[in-house]
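Student: show me the folded form of this:
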Amino acid sequence: MTTPGDLAQLRPLLLPTPRQLDTRPGLLTTEGGLEIAGDDALCAIAKTHLGGLLPCRRSHADAHATPGEPRAGAGRGLPLLLALHEPDGPRRPAGGQGYELELLGAQIAVPAHIRLSAESAAGIRHGLCTLAQLVTQYRTRLPGLLIRDEPDFATRGVMLDVSRDRVPTMGQLRELIARLASWKINHLQFYTEHTFAYAGHEEVWADASPITPADIRELDHWCALHGIQLSANQNCFGHLASWLKHPRYAPLAEIAAGEQWDFAGLVTRTGPFSLCPGDPRSLALVEDLLGQLVPNFASPLVNIGCDETFDIGQGRSREAVRSQGRAAVYLAFVRRICAVVATLGRRPQFWADIALEHPEALGEMPADLIGLAWGYEADSPFARWCDQLRTAGREAWVCPGTSCWRSITGRTEERQGNMQAAASQGKAHGASGYLVTAWGDLGHRQQWPITLHGLAQGAQRAWNASAALAGPAASLHAFADRSLELCSWLDAFGSIDAQLRAIGGKPTATGAATPLRNATALFTDLHKPLTERWIADAGSWLRVRERLEALGPAPASGDALIDAECAHSLEVARLAIARALLRRGAPQEVPPLLAAARALIPEYRRLWAARSRPGGLARSVAHYQVIADELEQA
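Tutor: Alright, predicted model coming up:
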């Protein structure tokens, strides 16, 4: 275990990993704070990113001097010189966001100082984030260094699901924004179905503790201070059951209540999901929603969703699809939504999965539409998707996932393979953006460390696709864990059922096993009825238990809430394994299982309240109540 004092002896632990880092002689002390020289805007950025770590003062002695001329006696603190420079040759695809950061120990006639230069204010901000991480690690005595760095992707974003029951508190969102900015993330959006407080639609969000217009305006300002573009996100086509279940909106649905339909051959669903594209009232609703939502954001981008609309053609649009084709019906409605966005003076994005099934039709879409190519497994064909979008003249972003949803533990191998594929293929095939998605299917029950760990790894891939993942750096800069062990534990935790995930998918026509996708085996088995047969025998599940117990509790991070969330996740995993053994006839006492299931619920409620608003908690915790009730009847 690394002790806090040991960090000063280590090489720099940085997230994301810079492209070039060389040592320089000498040490620099920050005990007197920083004396910052540069123009007003750059000094303000420096105070935002460094002011919480050490005193920052404007260097009046150097205010009008050429940055890069430190003078002895200029101030009591360590000089920090901020300078913009002209590009050296053609601007790179990442838009001049690189920087050079030099930490120099004292020389003859020249005091120790820090020099940071970049082509843009964004580059200065990125260098300041690196400096802040160095201060976090080394505290008051910094090593001499030269760092040259730039990102692989111009846009490095995070999309957080706030519609599957869990809506974070404002404090949690402000903390997240500052954390993301420290990793050089520059784009953020909140996936929204029904959790924005739309005026005149109160029945839809009344129990959801929604994000309000005032919340968005405050967060938009907070994001701007941290160099992040907060963009509007509202699914405008599918995934609208939270609206269409209400009598007022039910007539707009493609599928009526009680009717069954096929979800891409994966499962049979019942009831409404998408708007009917041929009903004029559908577009009127979209106009109302976007007209209320979009003006709260300064960003020019709007994510209109439009993914997984597999029900189109199975309900009210059946005749239109039969005569025109599914692609034509789908794309026509997407174009109408894009036109609404255009009237608001913004630029649309959409989840490109349905359109990519018909790449020949991509050229019919608006020229400024950004295609979001998403996939959450290591074999997601990002290269092909980017080529299809780029061939059609459309900007492409790659969108991997944290693999935290539909899980207790996360999915380490799938997450890492997926993020690496998105980064390497996206970079090679012209993607301009890298958007890490964190979903919350089935109650958003994964605890925050599972999600945050995935976001940290995504930030690494978005900036530097080729560098190895650095668990110690992520432990320090995601969790303030100075033991540097938590992320290694989380990776191991996310691998305990990997062998079962490898065989948990839908068998082929010949009966061959396939990998389980978009979920862990523990989570999937936990929600199957006690008597339903599924993969693997008791011996296989006993081996999962052995791996879990060998792993042991998470190392203490120094944050009581993080530690409690990890401990809760461990207990849910233990319950899932014990229940899986009971389902397979292994000797298991039901009363202890029932007691464990019941004990999870109050702790889950407590942890929820620490980060999330109350709306959605009852729906989320009901999943655990069903498990407890079933055990009581066993």
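
Student: host element of residue 420?
Tutor: Using DSSP states H and E, residue 420 maps to helix 412-428.

Student: after that helix comes which helix or strand?
Tutor: Later in the chain than helix 412-428, the nearest helix or strand by DSSP H and E is strand 433-438.

Student: please compute how far that next one lies from its chain's middle.
Tutor: From the chain centre to the centre of strand 433-438 is a distance of 6 Å (CA atoms, centre = their mean, to the nearest Å).

Student: give me the angle between the helix holding residue 420 and strand 433-438.
Tutor: Here helix 412-428 runs at an angle of 160 degrees relative to strand 433-438 (axes from the mean of the first three to the mean of the last three CA atoms, to 10 degrees).

Student: what is helix 412-428 packed up against?
Tutor: Under the contact criterion of 3 or more CB pairs under 8 Å, 6 or more residues apart in numbering; DSSP states H and E, helix 412-428 touches helix 382-391, strand 396-399, strand 433-438, helix 448-463, helix 486-493, helix 498-501. Quick note: C-beta positions are derived from backbone N, CA and C, even for glycine.

Student: reformat these as JSON lines; add mean pLDDT and mean neighbour count.
Tutor: Putting those into JSON lines (pLDDT from 0 to 100; neighbours: other CB atoms under 10 Å) gives the following:
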{"stretch": "helix 382-391", "mean pLDDT": "98", "mean neighbour count": "20"}
{"stretch": "strand 396-399", "mean pLDDT": "98", "mean neighbour count": "26"}
{"stretch": "strand 433-438", "mean pLDDT": "98", "mean neighbour count": "26"}
{"stretch": "helix 448-463", "mean pLDDT": "98", "mean neighbour count": "26"}
{"stretch": "helix 486-493", "mean pLDDT": "98", "mean neighbour count": "22"}
{"stretch": "helix 498-501", "mean pLDDT": "98", "mean neighbour count": "20"}
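
Student: ok, now which ones touch residue 7?
Tutor: Taking CB atoms under 8 Å, 6 or more residues apart in numbering, we find residue 7 in contact with 13, 137-138, 476, 482, 484.

Student: give me that answer again for 6 Å
Tutor: residue 137 (CB atoms under 6 Å, 6 or more residues apart in numbering).

Student: from residue 179, how far out is it?
Tutor: Distance, residue 7 to residue 179, using CB to CB, to the nearest Å: 19 Å.

Student: run through the bridge partners of residue 24.
Tutor: Under DSSP bridges, the beta-bridge partners of residue 24 are residue 144.

Student: residues near it, how many?
Tutor: Per other CB atoms under 10 Å, the neighbour tally for residue 24 reads 13.

Student: was I right about it contacting residue 144?
Tutor: Yes. If you go by CB atoms under 6 Å, residue 24 and residue 144 touch, sitting 3.2 Å apart.

Student: what's the domain layout of the protein?
Tutor: For the chain, the structural domains run 20-149, 155-473, 492-633, going by automatic domain parsing.

Student: the helices and strands packed on helix 412-428: which one's closest to residue 411?
Tutor: Ranking the helices and strands packed on helix 412-428 by their distance to residue 411 (criterion: CB to CB) puts helix 498-501 first, at 6.8 Å.

Student: check which helices and strands the closest one sits against.
Tutor: With contacts defined as 3 or more CB pairs under 6 Å, 6 or more residues apart in numbering; DSSP states H and E, helix 498-501 has no packing partner among the helices and strands.

Student: give me the contacts around it.
Tutor: Outside helix 498-501, the residues that reach it (CB under 6 Å, 6+ apart) are 413, 516, 521, 536.

Student: roughly how far apart are the third one and residue 496?
Tutor: Spelled out, it's residue 521. Distance, residue 521 to residue 496, using CB to CB: 9 Å.

Student: among the two, which residue is more densely surrounded?
Tutor: Taking other CB under 10 Å, residue 521 and residue 496 do not tie; residue 521 has more neighbours (29 against 26).

Student: give the contact list for the more buried one.
Tutor: By CB under 6 Å, 6+ apart, the contact list for residue 521 reads 497, 500-501, 504.

Student: just send the residues you listed back as CSV, with distance to residue 32 too.
Tutor: Compiled in CSV, the contacts of residue 521 are given as follows (distance: CB to CB, whole Å):
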residue, distance to residue 32
497, 52
500, 56
501, 53
504, 58
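
Student: out of those residues, which one sits closest to residue 196?
Tutor: residue 501 (34.8 Å).

Student: show me the shaky parts of this structure.
Tutor: Applying pLDDT under 70 to the chain picks out residues 1-5, 61-75, 89-93.

Student: kindly recompute the last result at 90.
Tutor: 1-6, 25, 59-76, 86-95, 106-110, 360-361, 470, 588, 634 (pLDDT under 90).

Student: how about whichever strand or helix holds residue 626: buried residues?
Tutor: In this structure, residue 626 sits in helix 617-633 according to DSSP H and E. Within helix 617-633, the residues that count as buried by 16 or more other CB atoms under 10 Å are 617, 620-621, 624, 627-628, 631.

Student: how about stretch 465-473?
Tutor: Neighbour-count burial for stretch 465-473 flags 465, 467, 469-473 (criterion: 16+ other CB under 10 Å).

Student: secondary structure and distance to residue 260 for these - can I get that in CSV?
Tutor: Below are the buried residues of stretch 465-473 laid out as CSV (DSSP: H, G, I helix; E, B strand; the rest coil; distance: CB to CB, whole Å):
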residue, secondary structure, distance to residue 260
465, coil, 43
467, coil, 48
469, coil, 43
470, coil, 48
471, helix, 46
472, helix, 51
473, helix, 49
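
Student: just put those in CSV and tack on distance to residue 175.
Tutor: Listed next are these as CSV, based on distance: CB to CB, whole Å:
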residue, distance to residue 175
465, 27
467, 26
469, 23
470, 22
471, 22
472, 22
473, 19
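
Student: among those residues, list the two that are farthest apart in space.
Tutor: Using CB to CB, these span at most 19.9 Å, a distance reached by 465 and 472.

Student: rewinding a little: in terms of secondary structure, what does the helix holding residue 626 contact?
Tutor: helix 590-611.

Student: nearest to residue 55, of the buried residues of stretch 465-473?
Tutor: Of all these, residue 55 sits closest to residue 473, with 25.7 Å by CB to CB.

Student: need the contact list for that closest one.
Tutor: 13-15.

Student: kindly reformat the residues you listed as TSV containing distance to residue 532.
Tutor: As requested, these are exported to TSV (distance: CB to CB, whole Å):
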residue	distance to residue 532
13	46
14	48
15	42
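
Student: any idea which of these has the most stuff around it?
Tutor: Result: residue 15 is most packed of the contacts of residue 473 (other CB under 10 Å), 26 neighbours.

Student: tell me how far that residue lies from residue 166.
Tutor: 25 Å.

Student: what do you get for residue 148?
Tutor: Counting by CB to CB, the separation of residue 148 from residue 166 is 40 Å.

Student: likewise residue 99?
Tutor: The value you get for residue 99 to residue 166, if CB to CB is used, is 36 Å.

Student: equivalent analysis for residue 53, please.
Tutor: When CB to CB is the yardstick, residue 53 and residue 166 sit 30 Å from each other.

Student: who has more neighbours, these two?
Tutor: A direct count of neighbours by other CB under 10 Å for residue 53 and residue 166 places residue 166 higher, at 27 against 17.

Student: shouldn't that one be in contact with residue 612?
Tutor: Yes. The pair residue 166 / residue 612 is scored as a contact, 4.9 Å apart, by CB under 6 Å.

Student: on the three-state scheme, residue 88 is what?
Tutor: Following DSSP: H, G, I helix; E, B strand; the rest coil, we place residue 88 in the coil state.

Student: tell me how many other residues surround it.
Tutor: Residues near residue 88, counting by other CB under 10 Å, number 8.

Student: now do the helices in the stretch 51-200 of the chain.
Tutor: Here the stretch 51-200 of the chain has its helices, by DSSP state H, counting those that start in this stretch, at 121-138, 170-182.

Student: list the contacts of residue 320.
Tutor: Contact analysis of residue 320 by CB under 6 Å, 6+ apart lists 278, 329.
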